[in-house]
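*Asks:* using only what follows, build the 3D model:
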Amino acid sequence: MSTGLGPSETLPVAQAAVNSPPPQRWQLSPAHPEEAASLAAAAHVPVVLAELLLARGVATAEAAFQFLNPEIGQLHDPFQMRGMAAAVDRLELAISRRETVLLYGDYDVDGTTAVVLLKTAIEMLGGPDGCEVRFHVPHRLREGYGMQSSVLEAAAQEGVGLVISVDTGMRAFAEAGLARELGLDLIVTDHHLPDAGDAIPDALAVLNPNQPGCEYPEKSLCGAAIAFKLAQAVLARRDPDRTRDKTVPSFLKMVALATVADAVPLRGENRVMAALGIRELHRPAGTGLRALFLAAGIDPAAKQLTSFDLAFRLAPRINAAGRMDVAAEVVELFTTRDAARAAELAVKLERLNAERRATEAEILRQVEQRLATDLQLKEHKMLVMIGDGWHRGIIGILASRVVDRTAKPAIVVSVEEGVAYGSGRSIDGFPLLEAIESCADLYTRFGGHAFAVGFAMPAEHLPEMERRLYEFAAERLAGQEAEQVLRIHAELPLERVTPVLAGWLRKLEPFGHGNPEPVFLARNLRLAAPVRSMKERHIRLEVNAAATLTTGVSLPPAKVIGWNLAGRARDLGLQQGSIIDLAYRIRENDHPQYGGLQIEIAGIELANG
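*Replies:* Alright, predicted model coming up:
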């Protein structure tokens, strides 16, 4: 299928105002008409789907079948992970001896679900009289991220023999040394990158595909997925058939939640686990899961769940506990069998999430005011936003909002009693962890990966950190202007959008980082009616498809919807008769009255000529 644009060509965009968001540049993926036609014929899929598969590196019929039909057999052997055999041996020993095991987690979706997975697995193997499984999920505000020596000391005094970290511990060098001194065996399961020197903690075993010497094929697992791999390995030793057929599918529900929430690339094994887990979530057997669905207003039996539901409806409620209160209650929610208690906890998460939204909105107003008035910020290639007493539970969200509005890497810092707590988010091509490593001597602790980081430091070091980060960004992003890039994956006239095609596209899900939802381009559409505004923010358009204009064939106008695009429509002067190019997504509305296929606008431009 030919698009008419070369690999480096882009469509024109309107000039942005001084205080407007950065300009949006449309980037159309190069077409491969011959390869797409060949793959479509071999794999028995539509040509446009073949184009999308090729863009994802899927080039053969066999690979296409596996991509479109994920199954348990596509998961990698957990024993390919360095340290797995030693970790399983020690965990089996703890179970046989009925030792007390401590799971040391984190306060986000990834960390709490990882605790749930391992706690469930160990208790399944130990039975009712098995070893005691305790867990510690740190309080975000009182303890912060990472392992704490005081918790390990208390564990040793209380007779704990084995500590397993989940979604944390990769830079816990001092804590690993203390564990040895205390006689605690430590297994680290984490997905965060090692430090700049590739050093790893001196633990009994470290499970992390990113550690030196690890040949595990999937390098971008989230923390819960690595905890799942340990659970899978130890369960499979006991009963491989039941583990494969019953336990693994059940556990993948939690893995899917964490994988989507942590925004790891939805490719390879990650995509398989997320796809299978979402499929299993249609049958939420757990008391806690059912209560969470009810609180979120989702009926999994009545609608087809997507990654959107996990990312924007379930995950924020789970994360709200760690952001605003005590994340340990998430573990209780997912492990309790008491329906009344589960309902109580789910309602509390709903309340905390509402509080989080209100707090976020208030601070975001301050951030946006600063972005609009501070001229110096406009000169920097990355942004550091500092506030006194900003709620630490939401500074990561705020950093994401700043990136969305400015297309620049951003770090948001809250200063409390002389200590600065920061959280950062990045853009494609800018290694944020490497950036903050240039300030390693300033921090009391830090960590993360290329797209997200966190740290704590004395507030007096903030000016020096800002100077170094601005210099780092100026060098790495020299010559690049901040811009929002809308990646368009294929050209597709609106008249070719059908329920059958939508069904094929659904097989590409789950969508997310690394497996983006397809954006299509339709050219030379004429507005068949005036722009209809909704709540002064959104728009509805009726457009005549290109076939109507070029062939004279009479087709009914297509109805499309654009969220938060009323201002864009005014800027372009859209009116009945305007000729536009439309970037769009194909969505399915599950409203009981207005359900069906829905064309959602991703971008609008006036057509050339």
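
*Asks:* is the residue most central in space within the chain in a helix, a strand, or coil?
*Replies:* Centroid check for the chain by C-alpha atoms, centre = their mean gives residue 263 as the closest residue, at 1.8 Å. Three-state secondary structure (criterion: DSSP: H, G, I helix; E, B strand; the rest coil) places residue 263 in coil.

*Asks:* gap between the residue lying closest to it once chain neighbours are set aside and residue 262?
*Replies:* For residue 263, ignoring the flanking residues on the chain, the nearest one in space by C-beta to C-beta, 6 or more residues apart in numbering is residue 513 at 4.8 Å. Where C-beta positions appear, they are placed from N, C-alpha and C, glycine not excepted. Computed as C-beta to C-beta, to the nearest Å, the residue 513 to residue 262 distance reads 9 Å.

*Asks:* CA atoms only for stretch 521-535 - export them in CSV, please.
*Replies:* Extracted in CSV, the C-alpha atoms of stretch 521-535 (Å, rounded to 0.1, in the frame of the first residue of the first chain):
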residue,chain,number,x,y,z
LEU,A,521,-4.3,9.0,7.8
ALA,A,522,-7.3,9.9,5.6
ARG,A,523,-6.6,12.7,3.1
ASN,A,524,-8.8,15.4,1.4
LEU,A,525,-11.9,15.1,3.4
ARG,A,526,-14.6,17.8,3.0
LEU,A,527,-16.6,19.0,6.0
ALA,A,528,-20.2,18.2,5.2
ALA,A,529,-21.6,20.3,8.0
PRO,A,530,-20.5,23.0,10.4
VAL,A,531,-18.2,22.0,13.3
ARG,A,532,-20.3,20.9,16.2
SER,A,533,-18.8,21.8,19.6
MET,A,534,-19.4,19.8,22.8
LYS,A,535,-18.9,21.4,26.2
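
*Asks:* got the buried residues for that stretch?
*Replies:* Along stretch 521-535, these residues count as buried under the neighbour rule (16 or more other C-beta atoms under 10 Å): 521-528, 531.

*Asks:* I'd like to know which of those is nearest to residue 243.
*Replies:* For the buried residues of stretch 521-535, the residue nearest residue 243 by C-beta to C-beta is residue 521; the value is 46.0 Å.

*Asks:* does that closest one lie in a helix or a strand, and which?
*Replies:* When secondary structure is defined using DSSP states H and E, the element that contains residue 521 is strand 520-527.

*Asks:* strands paired with that strand, and their directions?
*Replies:* Based on DSSP bridges, the strands next to strand 520-527 in the sheet, each with its direction, are strand 490-491 (parallel), strand 538-544 (antiparallel), strand 579-589 (antiparallel).

*Asks:* so what strands line up beside whichever helix or strand comes after that strand?
*Replies:* Secondary structure here is assigned by DSSP H and E; on that basis, the next helix or strand after strand 520-527 toward the C-terminus is strand 532-534. Note on strand 532-534: by DSSP bridges, its sheet partners are strand 538-544 (antiparallel).

*Asks:* can you pull the contacts of the residue nearest to residue 263?
*Replies:* 263-266 (C-beta atoms under 8 Å, 6 or more residues apart in numbering).

*Asks:* what ranges do the strands span in the stretch 1-150 of the chain?
*Replies:* Assigned by DSSP state E, counting those that start in this stretch, the strands in the stretch 1-150 of the chain fall at 10-11, 24-28, 100-104, 133-136.

*Asks:* what helices or strands is the last one leaning on?
*Replies:* I take that to be strand 133-136. strand 100-104, helix 109-126, helix 149-157, helix 328-335 (3 or more C-beta pairs under 8 Å, 6 or more residues apart in numbering; DSSP states H and E).

*Asks:* after the last one, next one along is what?
*Replies:* Stepping forward along the backbone from helix 328-335, the first helix or strand reached (DSSP H and E) is helix 339-373.

*Asks:* output the contacting helices and strands for that next one.
*Replies:* Under the contact criterion of 3+ C-beta pairs under 8 Å, 6+ apart, the helices and strands touching helix 339-373 comprise helix 287-296, helix 315-324, helix 328-335, strand 383-388, helix 395-406.

*Asks:* how distant is whichever helix or strand comes after it from the center of its chain?
*Replies:* Using DSSP H and E, the next helix or strand after helix 339-373 towards the C-terminus is helix 375-379. Its chain's average C-alpha position is 30 Å from that of helix 375-379, according to C-alpha atoms, centre = their mean, to the nearest Å.

*Asks:* check stretch 25-38 too.
*Replies:* 27 Å.

*Asks:* could you do stretch 99-114 as well?
*Replies:* The offset between the C-alpha centroid of stretch 99-114 and the centroid of the whole chain comes to 19 Å, using C-alpha atoms, centre = their mean.

*Asks:* just stretch 330-345 next, same as before
*Replies:* Between the mean C-alpha location of stretch 330-345 and the chain-wide mean there is a distance of 25 Å, by C-alpha atoms, centre = their mean.

*Asks:* how long is it from one end to the other?
*Replies:* The first and last residues of stretch 330-345 sit 8 Å apart, counting by C-alpha to C-alpha, to the nearest Å.

*Asks:* what's next to that stretch, contact-wise?
*Replies:* By C-beta under 8 Å, 6+ apart, the surrounding residues in contact with stretch 330-345 are 105, 112-113, 115-116, 119-120, 135, 137, 254, 286-292, 294, 318, 321-322, 329, 346, 349.

*Asks:* rerun that using 6 Å as the cut-off
*Replies:* Here stretch 330-345 makes contact (C-beta atoms under 6 Å, 6 or more residues apart in numbering) with 112, 115-116, 135, 287-288, 291, 318, 321, 329.

*Asks:* for those, which one is nearest residue 47?
*Replies:* Using C-beta to C-beta, the shortest approach to residue 47 within the contacts of stretch 330-345 belongs to residue 318, at 40.1 Å.

*Asks:* so what's residue 587 up against?
*Replies:* For residue 587, the contact set (C-beta under 6 Å, 6+ apart) comprises 598, 600.

*Asks:* report the angle between the strand holding residue 521 and strand 24-28.
*Replies:* With axes from the mean of the first three to the mean of the last three C-alpha atoms, to 10 degrees applied, the angle from strand 520-527 to strand 24-28 works out at 120 degrees.

*Asks:* distance from strand 520-527 to the middle of the chain?
*Replies:* That offset, for strand 520-527, works out to 31 Å (C-alpha atoms, centre = their mean).

*Asks:* same deal with stretch 127-136?
*Replies:* Here stretch 127-136 shows a centroid-to-chain-centroid distance of 31 Å under the convention C-alpha atoms, centre = their mean.

*Asks:* same question, stretch 36-52
*Replies:* Between the mean C-alpha location of stretch 36-52 and the chain-wide mean there is a distance of 29 Å, by C-alpha atoms, centre = their mean.

*Asks:* stretch 483-503 now?
*Replies:* With C-alpha atoms, centre = their mean, you get 23 Å for stretch 483-503.

*Asks:* residue 227 against residue 117, yeah?
*Replies:* Yes - at 5.1 Å, residue 227 counts as touching residue 117 under the criterion of C-beta atoms under 6 Å.

*Asks:* right, I'll leave it there.
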